[in-house]
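Chemist: okay, predicted coordinates and the sequence, questions at the end:
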Amino acid sequence: MKITKLTTYRLAPRWMFLKVDTDEGISGWGEPVIEGRARSVEAAVHELSEYLIGQDPARINDIWQTLYRGGFYRGGPILMSAISGIDQALWDIKGKALGVPVYQLLGGLVRDKIKAYSWVGGDRPAEVIEGIRKLQGIGFDTFKLNGCEEMGLIDSSRKIDATVAVVAQIREAFGNSIEFGLDFHGRVNAPMAKVLIKELEPYRPLFIEEPVLAEQAEYYPRLAAQTHIPIAAGERMYSRFEFKRVLEQGGLAILQPDLSHAGGITECYKIAAMAEAYDVTLAPHCPLGPIALAACLHVDFVSRNAVFQEQSMGIHYNQGAELLDYVVNKEDFSMEGAFFLPPSKPGLGVVINEELVIERSKQAPDWRNPVWRYEDGSVAEW
Ligand SMILES: O=C(O)C(=O)C[C@@H](O)[C@H](O)CO
Ligand SMILES: [Mg+2]
C-alpha cells in the first residue's frame, strides 16, 4: 500500500481535519491543529507530505521518526500538531486495513469504559451552577471550569475571594455529589498560584490544571509540596522529551498530553507508559473534534493509568459546530452514563461525513483566542 495524497480541511469551530489517501482505496483521518494557528499547522502538514507520498502507511514508527528527526529543528506546537494528525490518520488506515480498532493493535482493552468530564462556565466562570445541573441531568458527575478570570501578577484579596467564591458556590450547591477540576489555564503566575491554591484547599477540587504556564514547569513540584490537591498539566507540552522533565522533577499527579499536539497516538501511548512508571495518571486533553477524541479513547483504553477523558460537547469554544456534527454515526461515540465505551469499528472508529466537511471547509473561520489586557493596559494571560 502507498500513500497517495494528503488533503486538509480547516473548518468550524476551530478545527482542521486531514484525510490521507492510499493507492488501495483505504483512507485515514486525523486532526492536526493548534487552536488559533490552523493555517500554520496546515502549511506544516503539506511540507511534511514530501516525506509521505509514495511511502507505506503501515510503517508508522519509521514515518514518525522520519517526520520528527528528519528536520534539524523539531518539536513545538506547530510541527508536533502536524505530526500528531498524520500519525492519527496512519493508525486509522492500519486499523481499517487489518479490520480492527486501533486499541487492538496496542495490546487490547485494559478497561471496559472510561470516565468523561464536561466543561462548564466559559472563559469567565459564570453560571456554572446552572451548567452543572444541566449536565448532571444527562449523567455527568465530573466537570471542569476555568479557575479564574484574569489574575494580576500580584492581585488583591478581593480578587482571590471572588475566585474562591465561585468554587465555594459549587460545593455549597452540590456537596460531593460531583467532582470538578479547576483550570487555571496558565492565567496565574507562581506567587498568586500559591495564594489561590491555599485558599482553594478546603473545597477539594479534583485537580488544579496548569496552575502556572508550562514554561514555568519548575514550579509544579513546589506548588505540589504545599497542597493536597492533585496538580495537572500537559496540554502545552509536545513530546516525550518535554514530559520526561516534568516526570523527573515530580509535582504532577495528572498528565494531560493532547493527542493532536503531542505527537499523536504513537507518542502519547509512550508518554502514558512513562507516566505510569512515575505513578502519575493520564487524562488526555481534548477540547477539539471527534477525530482527536477518538484518538484519545484508543490510548485511554490501553493505558491502565488513564483516569478520565476531556471531551468538547458544549464547550464554549464550539461556536459554529458541535463535537459530533461531522460524524456520520453519532453512536460511534457510545456512552454509558458519563462513561465512553470502547470504539467498535476498525481504525479510529469514526466515519467522517466528507461531503459535509468539504462543504463547511469553504467557510472556514480563522479562530483566534482573545488577547486579554489588565486594567493598566499590559497583556494578561488568556
Ligand atoms: O481544554 C482545556 O483544558 C483548555 O485549556 C482549553 C484550551 O486548551 C483551548 O483549547 C485553547 O484554545
Ligand atoms: Mg486546560
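Modeler: Here it is on my side, so go on. Numbering: from 1, shown residues only. Ligands and ions are numbered 1, 2, ... in the order given.
Chemist: which parts of the chain sit against ligand 1?
Modeler: When proximity is defined by CB under 6 Å from any ligand atom, the chain lies next to ligand 1 at 35-36, 183, 185, 235, 285, 287, 310, 317, 369. (C-beta placed from N, C-alpha, C; glycine too.)
Chemist: ok, and of these, which contact ligand 2?
Modeler: Contacts with ligand 2 within the residues of the chain next to ligand 1, as defined by CB under 5 Å from the ion: Asp183.
Chemist: let me know the closest of the residues of the chain next to ligand 1 to Glu381.
Modeler: His185 (7.4 Å; CB to CB).
Chemist: other residues contacting stretch 159-169?
Modeler: Residues outside stretch 159-169 that contact it (CB atoms under 8 Å, 6 or more residues apart in numbering): 121, 125, 128-129, 145, 147-149, 151-152, 182, 195-196, 199-200, 203, 205.
Chemist: mind redoing it with 7 Å?
Modeler: 125, 128-129, 147-148, 151-152, 182, 195-196, 199-200, 203, 205 (CB atoms under 7 Å, 6 or more residues apart in numbering).
Chemist: likewise stretch 126-142?
Modeler: 115, 117-118, 120-121, 143, 145, 166, 169-170, 173-174, 178-179, 206, 308, 337-338.
Chemist: and stretch 292-311, by the same measure?
Modeler: Under CB under 7 Å, 6+ apart, the answer for stretch 292-311 is 31, 88, 101-103, 106-107, 109-111, 114-117, 142, 144, 254, 259-260, 264-265, 268-269, 272, 275-276, 281-287, 323, 340, 342-343, 348-350.
Chemist: likewise for stretch 184-202?
Modeler: 146-148, 150-151, 153-155, 160, 163-164, 167, 182, 208-213, 216, 219, 223, 226-229, 381.
Chemist: filter the residues you listed to the buried ones?
Modeler: 146-148, 150-151, 155, 160, 163-164, 167, 182, 208-213, 216, 219, 223, 227, 229, 381 (16 or more other CB atoms under 10 Å).
Chemist: circling back: now the buried members of the residues of the chain next to ligand 1.
Modeler: For the residues of the chain next to ligand 1, buried by 16+ other CB under 10 Å: 35, 183, 185, 235, 285, 287, 310, 317.
Chemist: was I right about the second one contacting Glu209?
Modeler: Just to be clear, that refers to Asp183. Yes: shown here, Asp183 and Glu209 form a contact pair, counting by CB atoms under 7 Å, at 4.2 Å.
Chemist: what residues does this protein have near ligand 2?
Modeler: Counting by CB under 5 Å from the ion, the chain sits next to ligand 2 at 183, 209.
Chemist: quote the end-to-end distance of stretch 36-54.
Modeler: 31 Å (CA to CA, to the nearest Å).
Chemist: go on, stretch 313-333?
Modeler: End to end - CA to CA - stretch 313-333 spans 12 Å.
Chemist: distance from the chain centre to it, please.
Modeler: 15 Å (CA atoms, centre = their mean, to the nearest Å).
Chemist: would you mark the buried spots in stretch 171-189?
Modeler: Neighbour count says stretch 171-189 has 174, 178-189 buried, by 16+ other CB under 10 Å.
Chemist: and these, which of them are in strands?
Modeler: The strands, defined by DSSP state E, take in 179-183 from the buried residues of stretch 171-189.
Chemist: what's the farthest-apart pair in these?
Modeler: Glu179 and Asp183 (13.8 Å).
Chemist: phi first, then psi, for Pro343.
Modeler: phi -60, psi 140 (degrees, to the nearest 10).
Chemist: which residues touch it?
Modeler: 101, 294, 297-298, 332, 349.
Chemist: next, the closest residue to it other than its chain neighbours: secondary structure please.
Modeler: Nearest residue to Pro343, sequence neighbours excluded (CB to CB, 6 or more residues apart in numbering): Gly349, at 2.9 Å. Using DSSP: H, G, I helix; E, B strand; the rest coil, the structure places Gly349 in coil.
Chemist: wait, what's in contact with Gln55?
Modeler: Applying CB under 7 Å, 6+ apart, the residues contacting Gln55 are 2-3, 63.
Chemist: are any of those buried, and which?
Modeler: Buried, going by 16+ other CB under 10 Å: 3, 63, out of those.
Chemist: keep only those of the contacts of Gln55 that are in strands.
Modeler: Using DSSP E, those in strands are Ile3.
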